[in-house]
Each structure stands twice: as C-alpha cells, then as structure tokens.
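> Quick one, structure for this:
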Amino acid sequence: KGEFVIRFKSYSDLKLELLSYYRIQAEATNTSGETHVNSVEVNVATNPLKISLNFPQKLLPIDSLKFSASITNLNNQFQNGSLQVKVFSLKNPDVPSTKNRLWNKPDQFLWTKDQFKQLFPTYAWKNESEFSSWPKDKQVAAIDLKTDSNRFSTLDLSVLKQQNSGIYRIEIAAKNSKGDTVSQVQYVQLITEKNQPETMQDWAIPFVTQVAPGGKAVFLIGTGRESSVLVEVLDGEKMISSEWLKTGKAIIRQEIPVPLSAGKNFRIQLLMVQENRVYNLTQHINIIQKAEQMNIRLLSFRNKLQPGEKEQWKLQVSGNEKQSVEMLAAMYDTSLDELAPAQNWTNQTSRINQEYQPNYFGWNTYNFINKTESRKLFFRSDYFEPFTRDYEKLNLLGFKYYGGYNYAYQQFANTQRTNAIWAQANQDNYLKSVAAYKNGFDVIGKIIDVKDKTGLETVSVKIKGTDIGVYTDKSGRFKIHVPENATLIFNYIGYISQEIKVVKGFPPLIKLKPSGNSLKEVVVVGYGTQAKRSLAGSVQVVEEANEIVSFASVDQKGDPNQVIRIRGTNSLQGKVAGLQITSESSNVLPTSNPIIIRKNFNETAFFYPQLKTNEKGEILIDFTVPEALTKWRFKALAQTSDLKFAFVEKEIITQKQLMVSANVPRFFREGDTITVSAIVANLDTKKVSVKTALQLFNAVNMQPVKLLATAAEGNQTLEIEANTNKSVSFKLIIPPGLDALTYRLTADAGKYSDGEENTIPVLPNSMLVTESLPMMVRPNQTKTFTLEKLLHNQSNTLQNKNLTLEYTENPAWYAVQALPYLMEYPYECSEQTFNRYFANSLAASLVKRLPVVQQVFERWKQTDSKELFSNLEKNQE
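From the prediction side, this is the model:
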C-alpha cells in the first residue's frame, strides 16, 4: 500500500498540560531515483481528544436541528467512541434585557446590586448577562451517540422544537475506544415566535430569510419595552418602502412581502434608537429561483489511454437549450501542479455573479454613543533644553561620514584592520625567527612574477628543515632572520616552488614561474571552481596531459573517415575533443516485433480556448495523446453570454502493459559521471522476462556515441513479477564538446514492448571568447601579423574552436555598416545622443568624400537587395 510508520517520543511536562507541536518531514525515493518530499504537523498533549460539534449559537424551530458531531484527536483524525449529550434549560434572571458594556467589567464593585440597578437599570450587575452564571431549570434531553473513525455522526436536537424559547445548556462527555475522556459545555439560544429577548442584541431576529418570489420574509422585532423601529425594504439601488413600526412589551411578527420582480440584491434594513444607543440590522433575503444550472456531461470519455493514440471525446452541455455555449478545455501533466499549484476555475468564476450591493441607504451612526475613552490623571512635566555651543568643523566637501556607517569607509576600515592583523602576525613570525637564531642575520628580499614583474603577495617563505617562516606583503617583500648557510623555500599556489641558499649582505630577488599544473589544486565542477573537498554533484579533476589522443570525427560531407591526432591541451582543435563517434550500431535488441519508440513528451496534451456547441449542445474534442506515461488532468469550463458557468474536471492515465520510463535530469554538464535509473513496469498478470537496451546518440548528427562506463550495462535482462516493477541503471560519462545527447531506451518482453527517446541538452563548463586582430594592408605591401594569444597560450582549460580570416577590399564599408548600431540603440541618454550625432556626421562625411556610396545604396533600395543587411549583422562575432 505504500504506507510507513514513523515513531518518536514526545517530551513534555505532564503536569503543565501543554500543547506541543512537532513537524515531521519525509522524503520518499523510488528505485529510479524519483524523490518526493512532504511534511505534516503533529500536535501532542496530555489530553489527546477533542469534541467537534457544529451548530449555531441561535436556533430556530423551523430549522432541522440536526448537526454533525465527532470525536477527534488533536490532529483532527476521527476516533471510535461514544458521546453522552445532556440538554438543560436555564432560569432567566428576573431582570429586563440588558445592554452591552462599552468598557470592561470592573474587578471590584463598590455599589450593591440594588444601588446599581437604581442608577443603571439596563446594564447587568456583575455577571448577570453571562449564561454560565444562570442556574439550571430542568433536563429536557439525554442523548447517547456512537462515533465512527471514518466520518461524522449526526446529533439530533429536534426535541428542542417542543420547548419554549430561552437559553439552553448542552453538556457533552466523550470517550474513545482507548478509554480517554473529554468533556465540553456549550450554550445555545432557542428563538420562537413568542420569544422574549435575552439581551438588547436580540431586538430583531431574522426568522424567515429564504423566500420564493411572491412569498414573505419574517422578522421578530421587539425588546420588551416601547420603541420605534424603522423598516426599509430595498431592492438593488431602489427603495420599495419605508415605514415606522411601534413595538411594546409583546414581540411583533413582521411579515414583509417579496415582489415577483425581486432581484438578487433584495434586502431588509432595520433601525432603532433607544437610550442613546443605535441598533441597526441589514438582512439579505435569498430569493429561491427555479434551478437553471448548467451541467457538462461526458458522453464519450475514457480515463485510461494508450500513449500516442488518436482520441475523440464528446461532451454535452445541458441547461442551455436556448443559448449558444463556449467552452475552454485543457489537459496537462499533473506533475506541473508541483511547480505551480493548479488554479480553481470555479473560484475564479464564482465572484462574477455576485451583484454589487450599493450602500445608498445606509445610516450614519457616528453621533451616537458607540465607544468610550478614558484618561488617567497625570502631572505636567516641563523639559528644559540645555544651551549648546557650536565649534568650528572640518569642511568635508560633500563626503558623508555618518559616524562610520558609510559603506566605502567601512570597506576601507575593514581592509586596514585586516592589513594590521596580517602585519602583526608576520611581525610575530619574524620575532620568532629572531628568537630561534640569535646569532643569525636578517634577510630582506622581494618575490615577483617572472612575466609581468609584479610583486606576489602572501608567498610562503620558510627556512628549510624547520617550521619557521613568514609571508610577503602587498608589494612582494619579506623579512626573516636566518642562521648561517640557511636555505629558504618559496611556495605559492599556481607557481613552481624554489629553493635558494642565502648569503649575508645580498638581498635576494626571487622570480617565480607559473606552474602548468596549477589546476590540480582545485576541483572543477559544473557550477564553478571550489577547493578540493567533498562535493555534491558530478566532479572532474583537471590534469595536464601531453599524451597523444586520437578520436574519430566527421568531415564536411558527413563521412566518418577522418582521424585527427592532437597533443596535450594546447593544440589547435579542429574537431570536438574527447567524443568518440562510431558508425556501428550497438545495444539494439533483436526482436521480431518492431518496438514503437515514444518521442512526444509534451506536458500539455491540448489547450482549446474557444470551443462552441452545436445545435444539440455537443462539443467534439479531437487530439493525439502525448507519449509520456503519466497522469493527466482534464479541465473544461463552459459559459454563456449571460455569465452562466459549468465546470468539469477529470484525471486520465496513459499506460501500457509493459512500460519503461527513465528518470533523467533536465540537462547534463560536461564532465558529469552520472547514473541514470529507469523503471520497468509489468501490468500483466504473469511474470515476464524483459530485455532492456540503451542507445546513445549525438543529437546534432544522430551518430552513435559510447558514453557508458561499462559496455555490458547497455543490454540487461530483468525478471519482473506480475503487477510489479523493477529498476535498471546505467552509468554515463559525459565528455566535453557534446552539445546534446539523445537516448533511446527500449524494453522487450516478446508479447509486449515499449521504448522512449528523448534529447537532453549538455551544458558546457566553458565560455566562448572571440579574439579579433585587425590587419590593414595597402596595395603592393607585405606585413606580418602575430596572433600572440594563440601562440603563447598558458591556459590548461582553453580549447581553440575556430580560426576565421575575413578579407575586404574597401574597409570604409565596415564604417558604413556599423552606423546602424550607433543610430538605433534603444536607450535615450546623453551618450547615445552623441552617438547618433557622431553617426550622422560620419555618414555625411563619407557620402561627401565617396559619392559612389550613396549611389550604391539607392540602387539597392530599388532592387530590394539583400546587400542592405550588414555583414556585421550576419556575423554576430
């Protein structure tokens, strides 16, 4: 089933009854190397149970009074157990309905209850308004309920329909199958037509709010005292009626007719003012309309398809018999949802039919008492500013110091501190040498690069046979105390080490030569150069080689008969190095039945933004199934001109009886040594013997290439049980110079077979750099030009790609052809404005000196010649 269990010990203090949160993250990897990561949060506490009851605080007898109930753990998972529910009616205190305090209840009461009620008869004294303080009257129901570990149970409180209005206390005790217990108390208010409001907030109760056109909405209005209530009936931006309603001690049942023409924004607005408090209520009335919902039916549809086959689906849109319907349909690989979560199309359209509700008739209640403010007693404190004296300051001429927070100053200060630390460490090393050789002498010298004669910093200078040494400073100078006949050793990364015997009174000047093996001290990876240590990824150690390497190549005609021999890495390479191309066919499975190779791995099967129904409301979708073995998501959204919507979503699987699928990366890197895994799945009911083969090609010319680390891995045989799968792996070594690699993986079981072919790009670890050398030669003149960087190549990683010689009789044409670049630059700035001015001036000068240029351009314009395209544009290098 693919399930696994993770056990861990929770550490918490049982006495404190704290709730602990744990986050568990799991990574699952199959045999082909595909990995998925998911996490879950686990809540742990001493009491592991929760009671879930979903019912409102106010109940109406016209409602069903049946609610969902369950026992869950702290992670909201259902538990087997039982619920004991007891319902009690409460005694209402003999006080009129009270108002809410606009301030917090005091912790100490200085007045007695009688004194408080005499001054504030409409406010509760202490906790009279809290239902938890009301005494029980009688028990009206006792219900035993079993809970399930798979779903909600139903709690039926229909017994309350025969009870009087008032406040009811519901006590729930829960116990699961393991014996854990938990209890809960909730309060609900039952409202009937003879309701006496418990608080001033119950002055208006919406009793019937779902009404058919022509019906009546019902409200229960009143506070038990005389008052006036403004009742306004609104429909959209129109007011249908407005009248005052007088209330007394009895509650009034107010019925409001709903006209047949009522729209979606039909609402009732009530307003009452009592004792300088304003109470208002706006209730939206749900108009029950005849169902006109559209539906999408799939008349012909299959959820399991063969890759590469042609498919036709027929869909029908119902509920729109008199209208034309447009449909948006798409099907894509569900793996794309991992990159970006799928959008819910129904949520996008649900907001469209929501009518705008204007607040034309809303009442302003700001002038009524709706909040309180209080201020503590405080004493005024006067603050006197002392006199200050300004002294002369240094004019920094615009430099902003900011007390050391200037970035440039920080960099300068950091450099100074680093240099000071380095100098102090070097001075300590010098004093160490003085202490070691009291009868010795000082040696002061300099170390430079043999080529550019610049000083080398941080070169290690050590006395041979000891650990005593110093380093050179920024200019390459050093100072060390040595004994008689001492030998100094000079080491620096990338340079050849040297040893010299020092002579007293002769300061040495050391010239270090670069080492050709400097790159042996680093490791080159596909994402840069790092110190040689444990790395994640494919790694290649660069070493110098002067051995003769031969490889096959193809000539300009495509014949694989040319062999080029190169020596080392400094030779001019006319073909790709390190890539062996052979004309022989290898790793091909001998089979009597041809294996159909899957090549179309499009992640989108189709996307049709505008499909229209025929006279029967039907839509045909024709498409060719992509050849990837995966799960697909089909979505369709239908709409009419009056913004009615219908939506359908399905999942489709493409599969075969025998399937092979390689888990390859999206790209390779030159120098990679990588193991590619593949899954071979057998959906047959019998065990099969499968022969797998991997063929590799240069994607540019489709010539076979040998990249397998072990040639025997190219053909492997697997024994696969029924309805199971096995993995097979191939170790590849990616050479430099390969632009893209095409692999062809096949599996043959005789009766069934499968294969896939795909192309993976190979990213280089180098960058193309073009060096140019202008060569100006006049008639009857001979000159010699030297390509210095080509002759004196000191890089171990450089590969020469191409050598091009371009000849032109009239160099002035290059000046003409370069003018568009100067004049058509996309940005507007002072530099480019000057470039345009310079280009126009240069063009005018050329036309004036060489009138034939203008004549040639005019001739080209008339013939629409391709010569108008500059050679500089044709050859970007």
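> Check which helices and strands the helix or strand encompassing residue 311 sits against.
Assessed by DSSP states H and E, residue 311 sits inside strand 310-318. Applying 3 or more CB pairs under 8 Å, 6 or more residues apart in numbering; DSSP states H and E, one finds that strand 310-318 contacts strand 295-300, strand 326-333, strand 618-624. (Each C-beta comes from the backbone N, C-alpha and C, glycine too.)
> so what's the closest residue to residue 515 other than its chain neighbours up against?
Leaving out its chain neighbours, the residue that sits closest to residue 515 by CB to CB, 6 or more residues apart in numbering is residue 496, at 5.0 Å. Contact analysis of residue 496 by CB atoms under 8 Å, 6 or more residues apart in numbering lists 512-515.
> buried sites along the one helix or strand residue 697 maps to?
Using DSSP H and E, residue 697 falls within strand 688-698. For strand 688-698, a neighbour-count test (16 or more other CB atoms under 10 Å) marks 688, 690-698 as buried.
> Report the distance from whichever helix or strand comes after that strand to the chain centre.
Once the chain leaves strand 688-698, the next helix or strand it forms, by DSSP H and E, is strand 703-704. What separates the centre of strand 703-704 from the centre of its chain is 39 Å, taken as CA atoms, centre = their mean, to the nearest Å.
> Can you show me the CA trace of the helix or strand just after strand 703-704 as PDB?
Next along the chain after strand 703-704, taking DSSP H and E as the criterion, comes strand 715-720. C-alpha atoms of strand 715-720 as PDB (Å, rounded to 0.1, in the frame of the first residue of the first chain):
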ATOM      1  CA  ASN A 715      21.900  -4.600 -22.500                       C
ATOM      2  CA  GLN A 716      20.300  -6.000 -19.400                       C
ATOM      3  CA  THR A 717      17.700  -8.700 -18.700                       C
ATOM      4  CA  LEU A 718      15.100  -8.400 -15.900                       C
ATOM      5  CA  GLU A 719      12.700 -10.900 -14.400                       C
ATOM      6  CA  ILE A 720       9.600  -9.000 -13.300                       C
END
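> quick one: strands adjacent to strand 715-720?
Here strand 715-720 has these sheet partners by DSSP bridges: strand 688-698 (antiparallel).
> Give me the pLDDT value at residue 356.
With respect to pLDDT, residue 356 has a value of 60.
> Residue 392 too?
Residue 392 carries a pLDDT value of 74.
> how would you label residue 410: helix, strand or coil?
Under the three-state scheme (DSSP: H, G, I helix; E, B strand; the rest coil), residue 410 adopts helix.
> whoops, I mixed them up, residue 648
Per three-state DSSP, residue 648 ends up strand.
> So it sits against residue 294, correct?
No. Contact criterion CB atoms under 8 Å: residue 648 and residue 294 do not qualify, at 10.6 Å.
> what touches both of the two?
Contacts common to residue 648 and residue 294, judged by CB under 8 Å, 6+ apart, are absent.
> And the furthest pair within the contacts of residue 496?
Distance extremes for the contacts of residue 496: the farthest pair is 512 and 515 at 9.1 Å, using CB to CB.
> quick one: common contacting residues for those two?
Residues touching both residue 512 and residue 515 (CB under 8 Å, 6+ apart) are 495-496.
> Between the two, point out the one with more neighbours.
residue 512 (21 against 17; other CB atoms under 10 Å).
> what sits against the more buried one?
447-450, 456, 459, 490, 492, 495-496, 498.
> mind running it again at 7 Å?
The neighbourhood of residue 512, defined by CB atoms under 7 Å, 6 or more residues apart in numbering, consists of 447, 449-450, 456, 490, 492, 495-496, 498.
> try residue 510
So residue 510 contacts 445, 447, 490, 498, 500 (CB under 7 Å, 6+ apart).
> Show me which of the residues you listed are buried.
Burial by neighbour count, judged by 16+ other CB under 10 Å, picks out 445, 447, 490, 498 from the contacts of residue 510.
> Just the closest of those residues to residue 3, please.
The nearest member of the buried ones among the contacts of residue 510 to residue 3, counting by CB to CB, is residue 490 at 65.6 Å.
> I'd like to know how far that closest one sits from residue 419.
22 Å (CB to CB, to the nearest Å).
> Over to residue 737?
45 Å.
> And those two? Which one has more around it.
Neighbours per residue (other CB under 10 Å) separate residue 737 from residue 419, with residue 737 holding more: 18 against 12.
> so what's that one scoring on pLDDT?
For residue 737, the predicted pLDDT is 83.
> again with residue 721
So, for residue 721, pLDDT stands at 91.
> burial count for it?
Residue 721 sits with 12 neighbouring residues when counted by other CB under 10 Å.
> same deal with residue 279?
Neighbours of residue 279 under the rule other CB under 10 Å: 19.
> Distance of it relative to residue 227?
In terms of CB to CB, residue 279 sits 9 Å off from residue 227.
> shared neighbours of those two, anything?
If you check residue 279 and residue 227 against CB under 7 Å, 6+ apart, the residues they both contact are residue 272.
> is it true that residue 698 touches residue 734?
No. At 11.9 Å, residue 698 does not count as touching residue 734 under the criterion of CB atoms under 7 Å.
> and the residue nearest to residue 455 when sequence neighbours are not counted, backbone torsions?
Distances taken as CB to CB, 6+ apart put residue 476 closest to residue 455, at 2.5 Å, once the chain neighbours are dropped. Dihedral pair for residue 476: phi 90, psi 10, per degrees, to the nearest 10.
> what ranges do the strands span in the stretch 651-800 of the chain?
Counting by DSSP state E, counting those that start in this stretch, the stretch 651-800 of the chain has strands at residues 658-663, 668-669, 673-682, 688-698, 703-704, 715-720, 724-733, 740-748, 753-763.
> The stretch 51-200 of the chain too?
58-59, 66-73, 81-90, 136-147, 153-156, 166-176, 181-190.
> Pull out the buried residues from the longest one.
For strand 136-147, the buried set under the neighbour-count rule, 16+ other CB under 10 Å, comprises 140-141, 143, 145, 147.
> could I get those as JSON lines with distance to residue 156?
Output for the buried residues of strand 136-147, formatted as JSON lines (distance: CB to CB, whole Å):
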{"residue": "140", "distance to residue 156": "13"}
{"residue": "141", "distance to residue 156": "10"}
{"residue": "143", "distance to residue 156": "7"}
{"residue": "145", "distance to residue 156": "9"}
{"residue": "147", "distance to residue 156": "14"}
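> Go through those residues and name the one nearest residue 78.
Among the buried residues of strand 136-147, residue 147 lies closest to residue 78 (CB to CB), at 7.2 Å.
> Assess the claim that residue 607 and residue 330 are in contact.
Yes. Shown here, residue 607 and residue 330 form a contact pair, counting by CB under 7 Å, at 4.6 Å.
> more crowded one of these two?
A count of neighbours by other CB under 10 Å puts residue 330 above the other of residue 607 and residue 330, at 16 against 11.
> if I pick the more buried one, what's in contact with it?
The contact partners of residue 330, by CB under 7 Å, 6+ apart, come to 606-607, 635.
> quick revisit: indicate which one of the helices and strands packed on strand 310-318 is closest to residue 764.
Closest among the helices and strands packed on strand 310-318, once you apply CB to CB, is strand 326-333, at 29.5 Å.
> average model confidence for the helix or strand following that closest one?
Counting by DSSP H and E, the element after strand 326-333 in chain order, helix or strand, is helix 336-339. Averaging pLDDT along helix 336-339 gives 85.
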